[in-house]
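Engineer: Build me a structure from this.
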Amino acid sequence: MIKGVSLRRTLTPRAMASSNPAWRLLLTGLVFHLIFIGTVFDCYFTSTVVHGMQQHSLPEAQAKRLVLIVADGLRADLLLAKSGFSMIPGAPEVVAPHLRSIVETRGAFGISHTRLPTESRPGHVALISGVYEDVSTVTKACLNAVARTTDTTDLRQSEQGWKTNPVDFDSVFNQSSATYAFGSPDILPMFALGATPDKVEMWHYGEHEQDYTKDATGLDTWVFENLRTLFRNATTDTLLNARLRGEKTVFFLHLLGIDTTGHSHRPHSKEYMANIQLVDDIVKQSEGLFREFYADDETAFVFTADHGMSRIGNHGDGDAYHSDPDNTRTPLIAWGKGIRGPLPDTFPSSHDAYSESWGLSHIVRREVEQADVAALMSSLIGINWPVNSVGVLPDADPTRPGYLLPRGGERTLAEAALVNAKVLLQHYRIKHEDQKRRSLFYKQYPRFASAEDTEDVPGDTELAVIERLILHGDYSQARLRARRVIEATLEGLHYLQTYDCRLIQSIVIAAHMGWMAFGAVSVLLPASPASSAVAFPVHVAATAVLVAFWAAFATQRSPWSYYLYVTFPCYFWDQVLSRATGLPLLRLARRGLSSSHIAGHALRGGVVFVALQSIVAGYTHRFIWSAWLLAVGMIWPLFSWPREMLTAHWRLSLAWAGACLGTAIFPLLNVYREQNLIAIAAGGVAMFAIGVRRNDSEPSYFGSVCHRPTATPFIAPLGRYSPYGRTLLLFLGVGPCFIWLAISSEGLFHVAYSLTLCLWVEVETVLGAYTRPTRALSSLHSSTGTTRVERGGSKDGGGGLSIVRVEYQARLEDLRIATFWLFFVQLGFFGNGNVASISSFYLEPIYRLVAVCNPFLVARLLVFKMVAPYVMLGATSSLLTARLGLPPARLLFLALLLASVTTLMFFLDVRDAGVGSSESWLDVSRTLNAFYVSAVLLGWAVGVWAVGELVAAVGATVCPRSLPVFDRPPRPTENSTLTDSDSEERPGTRRTPNWGWAVAAYVPWIRTARTTGLLADHT
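Structural biologist: Coordinates of the predicted model:
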């Protein structure tokens, strides 16, 4: 019988979780990172909608009515290219002969460039209202709709709510005399409900009709049949007939079939081609209906799309990982009354490599931005332009051909350019006055600041000059001057929209630098109270700065989020300066470091910084993740592991290298994948083989799982299993996700990723035994103390087990482990062959479970698929913490500190606006995706692990009977002893404090998934 080291104080798990400062630091860091995700929206993406503006219109209409046809999800190249479907046997050379004949003989065509996000809602808002809905508007509207939901049964209503009126905006439909809309229930209501009463009449099919298992061409046929029914009814209804024959009337045909078909079968499929052929036929027949009913040529037609589609059948971003921005290029074809015919190509050519294969190089191709279509339609039927429109009429530029062929000739074009300038200037003036009234030190946009002393309203002088030029018949010069005013006004609007950007950037930089300094001080300096003589002035100064910022924000009526943002840097730097100034910092400096130690620390710090830079670069160059795996699997053991470790544990070294090499294959795979049943089956077989493998030291875990539901590992009591037994159950629990929702090798990746994580735990454990000090240290402060079971070390020199209280000392090696953990966080997302965007994950497997179009449920399933790997990461990370004897939150805390470096890089790299080309908006998509994905991945991974550890600590006190006793050392009391029999380990088990009940954190997660319909509704 060996006596243990007695403990003066017994810390219960509840006390550890609630009183340990490390947990408070971790919670602070997690909340800080999650809240500061919103800074990217407040800094770069704010709403452009303002109110109180005057309306302007052309004095004369060019057409009596307008027909807008939107083919949802149609790519420009697949519509217009010759032999665009050459991969399909028997495909025609021209897939849309009617639309192509219009381009070649009697219409104008070009490319309409969409902006982020490339979704149906913001795309239609841009087309019909001339307003670019930014990411924050759509996101906040979605969150507000969900927030209004008080019961789970109202989820469908909340999903509909975000599609209707997230913001108030004007539209072409609202300014028309009457609008008749046919199409999807996801699009039509948001324009009908926000318009003047009885202005917009709509007919849409039911949501259940949007079924991915059916032929989507029926949706488009339904639209045409209802249009024909409307005209047929007008022949017997005199009131309807009179209203239909009124001027300034708009007909809107929303054809959703192509988008649905593209999601289900991908764009380069015979189904997508067949749907394009149907749409071409519908356009032809619709044109005949209008000609037959009205018996005149006073109808203008505009054919376009709200967004394109990537090769894998998705959209949402700019397909930024690849060179072809297929999501942002949509066709624009206009013909009919008031529209010019085809013109010969200009020099230099208006075509590029993208359209060379179309066989239309002899005809001029006119590029436009998506919001420009609203200005074009307003000019055609002579209505007031939507007040919030930021579109530019293509004909405003006299140096390039436009789309209009007006009755008044050049004079009408000049007047249209003047109206365009007035609409934008009115928008600028409202924002200018609002910003001037709110700002303490307002600085006007420099382009208009020079005339501020000579005119009351910006731009009045320029408008007067343009009006005089039109009066004197100098139309070309008037359009040129108007174009310059338009360009300057758009730049001024962007200047006002991002007026607070520098302030937000400064706050973000100060906050992240403060967080890193705060973390360093918390790790390196003891948690002793600072001297009041030093701390009091610092507290006063920090409070004064915070109050000053809050007062300035109150004066400027800044958003409430500004108050929250500035609080963090003030708090962080207050803690840093009060704790690191004076005696604590002197004591740290007096420890002394030799030049060799300083050089070694600097070298390791440099390696960590380079590693963080490579993580940033990995978001655009996926091969870097494979390079990482090669480095940690081959180079790191050879140059960093002790030689005796390589000799004694050569099997572990080979297994580690093999696992890393196997996992390194997946980031190199092509992200464009077809369904591969062999790969899916191979993943299932691999998981099955691991599950049935028997180990004499483990219970028959597979036998207990195969007769239960798939979620059994999350809800069944796991106490009778060893740590690796529970890890195996978690592995099998999430495994079906990689079969149900797999398209190719996702299951194999799950096996390789999980094996690599488990081997990483073993490698770090063995490496720690060779590199970490073995002697026990006396406890200096309990915030970093931990309980460790050690062999030997008792007073009588026996060889039994004793419980000692040790203080964990921070080491640079911890930074390396935290960096590895950050790498595995990224690998869980990118290693599965996906780029940095939710929209780039395959939707095809989702349709196995969800047949009817339900964007919210599809999004939840996609998120479930993406976060599934982090269950294994959280489990193995918790095991690693216990095996290394780390304080429960230390590794997470260091990871949050390191993540501030990458987050700050991504934040400063975000692009806020394009300059007119689709490639610039691809940069917006790429940089915003990188920032958002990095922040969300880190928050999710840290949250899962942190909640798991917290629930573990609380669970040990709340329900100890349901927890495995052998996973924690006996809790000694004063003068208690441990006998050899008490300390005997069970065969095949390891003593890992606080691991057994950590997995309880996943119970609420999986139960939430089940109750919200992720598993129960569609399995």
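Engineer: Buried residues, stretch 334-353. List them.
Structural biologist: Ala334, Trp335, Gly336, Lys337, Gly338, Ile339, Arg340, Pro342, Ser350, His351 (16 or more other Cβ atoms under 10 Å). (Glycine included, C-beta is placed from N, CA and C.)
Engineer: Assumed Phe303 was part of a strand.
Structural biologist: Yes. Read with DSSP: H, G, I helix; E, B strand; the rest coil, Phe303 is one of the residues of a strand.
Engineer: what pairs with it across the strands?
Structural biologist: For Phe303, the beta-bridge partners are Ile69, Ile333 (DSSP bridges).
Engineer: show me where pLDDT drops low in the stretch 701-850 of the chain?
Structural biologist: 701-724, 772-810, 833-848, 850 (pLDDT under 70).
Engineer: for the stretch 351-500 of the chain, what spans make up the strands?
Structural biologist: Counting by DSSP state E, counting those that start in this stretch, residue ranges of the strands within the stretch 351-500 of the chain are 366-369.
Engineer: The stretch 101-250 of the chain too?
Structural biologist: 107-113, 178-183, 200-204, 249-255.
Engineer: Could you measure from the residue lying closest to Met905 once chain neighbours are set aside over to Ala417?
Structural biologist: Once flanking residues are discounted, Met905 sits nearest to Val616: 5.2 Å by Cβ to Cβ, 6 or more residues apart in numbering. Per Cβ to Cβ, to the nearest Å, Val616 is found 44 Å from Ala417.
Engineer: These two - which one has more neighbours?
Structural biologist: Ala417 (28 against 18; other Cβ atoms under 10 Å).
Engineer: Verify the stated contact: the more buried one with Gly402.
Structural biologist: No. Checked against Cβ atoms under 8 Å, the pair Ala417 and Gly402 is beyond contact range at 9.8 Å.
Engineer: Between these two, which contacts overlap?
Structural biologist: Common contact partners of Ala417 and Gly402 (Cβ atoms under 8 Å, 6 or more residues apart in numbering): Leu393, Asp395, Ala396.
Engineer: and the second one, how many residues sit next to it?
Structural biologist: Looking back up the chat, that one is Asp395. Quick note: Asp395 (other Cβ under 10 Å) scores 25 neighbours.
Engineer: ok, now which ones touch it?
Structural biologist: Per Cβ under 8 Å, 6+ apart, neighbours of Asp395: Ser379, Gly402, Tyr403, Leu404, Leu413, Ala416, Ala417, Arg479.
Engineer: same question, the last one
Structural biologist: Contacts for Ala396 (Cβ under 8 Å, 6+ apart) come out as Gly402, Ala416, Ala417, Asn420, Ala421, Arg479, Ala482, Arg483, Ile486.
Engineer: Leaving out sequence neighbours, find the closest residue to Gly408.
Structural biologist: Using Cβ to Cβ, 6+ apart, the closest residue to Gly408 is Glu60 (6.5 Å).
Engineer: between the contacts of Ala396, which is closest to Glu462?
Structural biologist: Distance to Glu462, by Cβ to Cβ, is smallest for Ala421 among these, at 7.6 Å.
Engineer: Give me the pLDDT for that closest one.
Structural biologist: According to the prediction, Ala421 has pLDDT 95.
Engineer: One more: Val944?
Structural biologist: As predicted, Val944 sits at a pLDDT of 67.
Engineer: one step back: from the contacts of Asp395, which two are the most distant?
Structural biologist: Tyr403 and Arg479 (14.3 Å).
Engineer: and Gly123, what does it touch?
Structural biologist: Thr114, Ala305, Asp306, His307, Gln370.
Engineer: Quick one, which of the residues you listed are buried?
Structural biologist: Thr114, Ala305, Asp306, His307, Gln370.
Engineer: The last one contacts Ile128, correct?
Structural biologist: No. The pair formed by Gln370 and Ile128 falls short of the contact definition of Cβ under 8 Å, at 10.3 Å.
Engineer: re the thing from before, quick one: the contacts of Asp395 as TSV, columns for pLDDT and distance to Leu638 too.
Structural biologist: As requested, the contacts of Asp395 are exported to TSV (pLDDT from 0 to 100; distance: Cβ to Cβ, whole Å):
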residue	pLDDT	distance to Leu638
Ser379	96	70
Gly402	94	66
Tyr403	96	65
Leu404	96	70
Leu413	95	72
Ala416	95	71
Ala417	95	69
Arg479	95	69
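Engineer: Cross those against helices and list the overlap.
Structural biologist: Judged by DSSP state H, those include Ser379, Leu413, Ala416, Ala417, Arg479 as members of helices.
Engineer: Name the nearest of those residues relative to Gln575.
Structural biologist: When the ones in helices among the contacts of Asp395 are compared against Gln575 (criterion: Cβ to Cβ), the nearest one is Ala417, at 58.1 Å.
Engineer: Leu463 versus the closest one, what's the distance?
Structural biologist: For Ala417, the distance to Leu463 - Cβ to Cβ - is 11 Å.
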